[in-house]
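S.K.: Got a predicted structure plus its sequence, pasted below:
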Amino acid sequence: MRCSNCWTAIILALAVGCLAGGAVAEEPILIGTPLPLTGPYASDGEQMKMALELAVAEKNAAGGLLGRKLELKFGDVGGLEAEKIKAVGERLIGAGVDVVITGYDDGGVDTKVFGQYDVPYLHGNAMTLCTEPVAQNFEKYWNCFQYTYNDKDYGVDAAVHLFEVPPQIGWKPPNKKIAVIKVDYAYNVMPADEFARRVEKQGYEVVINETTQFGVAEWGPILSRIESTQPAFVTFWNLDPTDAARFIKQFSDRFGDEGIDALVYMQYTPSIPEFLELAGKAAEGLIWVGSAGNSGPKFEDYKKRWVAQFKKDPAGLYAVATRDAFDIWAQAVERAGCVDCYREVARHMREATYEGMAATYVFNPLDQSALLGEYLMPLVWYQIWEGKSVPMGPKRFKQTNYRKPPWIKK
């Protein structure tokens, strides 16, 4: 009788153990997503969120990742304040996530926040402050991957290609004067300063080199300086779409009728969906530089699926690049055959080439940022016409020719 009871107990224990093991296997894989869901970058943050929601829905519909469902854990980093990023990071890691993916959550502290944990961290911050720690202490920050180039690359690129525009529009610059207007934020200061250094070596004169704070309501004093110095090139480096829209609207109001003989260039900010809504017709003719991602057969198929899910088109870089980041990680997990073998997953990301929609991703082994190049992660030049950003270069992206902005009357 005792033996019978023993065997019954053993069988029951084994059955419970099997059920428990099955329950563990069925637990979802958690993805941490620190995003700017409120504040000045919320329109970009919304696109990041939608990209990850679509990615998870499609992966789960196809059977999940390694047979397990995926679940998103969101954290709002607001206006990218350092303390908020730290708090969100602690909460997400505490929830047991196996990866952290964002479009951008940058405040200059991100690598140090997420690099102290073992889970892979994929971001598109495009900040030297985020990649320098990796280059300086790889063993500590091996898990941090930036799937964009670094901010300084904007300055290097602008110092070459901005001066190729005038002959393409049949316009002769009246002088070699340049205005540099930047906000006191590393993502903007570092490329603006790099640009200024390089153009001065090329024989240009930086007649305005102004650093502002976020939230400038009246650009009149700087516009007065532009009017008095008459630079042929006005460059604007400020991530806030409200600041950028106010600047170009006030620039257009001031110079639109009588004209000014100058090109206006902006770093990235017109990519943020909110910018075109705020700037309206004042942005016509504006030149800006950002990433690719809205062309090619992979994008067209993605766009159809996006519209079917959300009933509107994807907008801006991070509707696309954030999905690329998810796919880079998912591919690495599948190749590793496990999700929590974090170093192995990171190795597969580091060693693989991924053909995405916004780029062909190859990570620099020194700092784990995406390598810049026309056929890798390209910097694409745009000009705004009829409320749309039209690609102007490099050659493989070009759709039409540059035109004179409406404020150039000559």
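M.R.: Okay, I see it.

S.K.: For the most centrally placed residue in the chain, give its distance to residue 198.
M.R.: Closest to where the C-alpha atoms of the chain average out (Cα atoms, centre = their mean) is residue 124, at 4.3 Å. Using Cβ to Cβ, to the nearest Å, residue 124 is found at 25 Å from residue 198. Bear in mind the C-beta positions are built from the backbone N, C-alpha and C, glycine included.

S.K.: ditto for residue 273
M.R.: On the measure of Cβ to Cβ, residue 273 and residue 198 end up 31 Å apart.

S.K.: ok, the two, which is more surrounded?
M.R.: Taking other Cβ atoms under 10 Å, residue 273 and residue 198 do not tie; residue 273 has more neighbours (18 against 15).

S.K.: Look up the pLDDT of that one for me, please.
M.R.: With respect to pLDDT, residue 273 has a value of 87.

S.K.: Now do the contacts for it.
M.R.: Shown in contact with residue 273 (Cβ atoms under 8 Å, 6 or more residues apart in numbering): 43, 44, 47, 315, 316.

S.K.: Using the three-state scheme, assign the second one.
M.R.: Under the three-state scheme (DSSP: H, G, I helix; E, B strand; the rest coil), the conformation of residue 44 reads as helix.

S.K.: residues near it, how many?
M.R.: As a measure of burial, residue 44 has 27 neighbours, counting by other Cβ under 10 Å.

S.K.: ok, then the element right after the worst-scoring helix or strand of the chain on mean pLDDT?
M.R.: Lowest by mean pLDDT, DSSP states H and E among the helices and strands of the chain is helix 2-26, with a mean of 43. Next along the chain after helix 2-26, taking DSSP states H and E as the criterion, comes strand 29-35.

S.K.: Direction included, what does that following strand pair against?
M.R.: Strands that pair with strand 29-35, judged by DSSP bridges, come out as strand 70-76 (parallel), strand 99-101 (parallel).

S.K.: Output those as CSV; include the columns mean neighbour count.
M.R.: Listed next are those as CSV, based on neighbours: other Cβ atoms under 10 Å:
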stretch, mean neighbour count
strand 70-76, 18
strand 99-101, 27
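
S.K.: need these in TSV with mean pLDDT and distance to residue 108, can you?
M.R.: Shown next, in TSV, are the strands paired with strand 29-35 (pLDDT from 0 to 100; distance: least, Cβ to Cβ, whole Å):
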stretch	mean pLDDT	distance to residue 108
strand 70-76	97	18
strand 99-101	97	17
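
S.K.: Export those as TSV, with columns for distance to residue 210.
M.R.: Converted to TSV, the strands paired with strand 29-35 look like this (distance: least, Cβ to Cβ, whole Å):
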stretch	distance to residue 210
strand 70-76	32
strand 99-101	36
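
S.K.: what's the closest of those to residue 245?
M.R.: strand 70-76 (23.0 Å; Cβ to Cβ).

S.K.: Show the average pLDDT along stretch 222-235.
M.R.: The model assigns stretch 222-235 a mean pLDDT of 98.

S.K.: Just the endpoints, please. Distance across it?
M.R.: 12 Å (Cα to Cα, to the nearest Å).

S.K.: Which positions within it qualify as buried?
M.R.: 222, 223, 226, 231, 232, 233, 234, 235 (16 or more other Cβ atoms under 10 Å).

S.K.: what's the burial count for the residue lying closest to the second one once chain neighbours are set aside?
M.R.: For residue 223, the nearest residue in space outside its immediate sequence neighbours is residue 254; the separation is 5.2 Å by Cβ to Cβ, 6 or more residues apart in numbering. Residue 254 is flanked by 17 other residues according to other Cβ under 10 Å.

S.K.: Dump whatever helix or strand residue 254 lives in to PDB, restricted to CA.
M.R.: Here residue 254 sits within helix 241-255, counting by DSSP H and E. C-alpha atoms of helix 241-255 as PDB (Å, rounded to 0.1, in the frame of the first residue of the first chain):
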ATOM      1  CA  PRO A 241      10.800  70.400 -34.300                       C
ATOM      2  CA  THR A 242       9.000  73.400 -32.700                       C
ATOM      3  CA  ASP A 243      12.200  75.400 -32.500                       C
ATOM      4  CA  ALA A 244      13.000  74.500 -36.100                       C
ATOM      5  CA  ALA A 245       9.600  75.300 -37.400                       C
ATOM      6  CA  ARG A 246       9.500  78.700 -35.700                       C
ATOM      7  CA  PHE A 247      12.900  79.500 -37.100                       C
ATOM      8  CA  ILE A 248      12.000  78.800 -40.800                       C
ATOM      9  CA  LYS A 249       8.600  80.500 -40.400                       C
ATOM     10  CA  GLN A 250      10.100  83.600 -39.000                       C
ATOM     11  CA  PHE A 251      12.900  83.400 -41.600                       C
ATOM     12  CA  SER A 252      10.300  83.200 -44.400                       C
ATOM     13  CA  ASP A 253       8.200  86.100 -42.900                       C
ATOM     14  CA  ARG A 254      11.300  88.300 -42.800                       C
ATOM     15  CA  PHE A 255      12.900  87.500 -46.100                       C
END
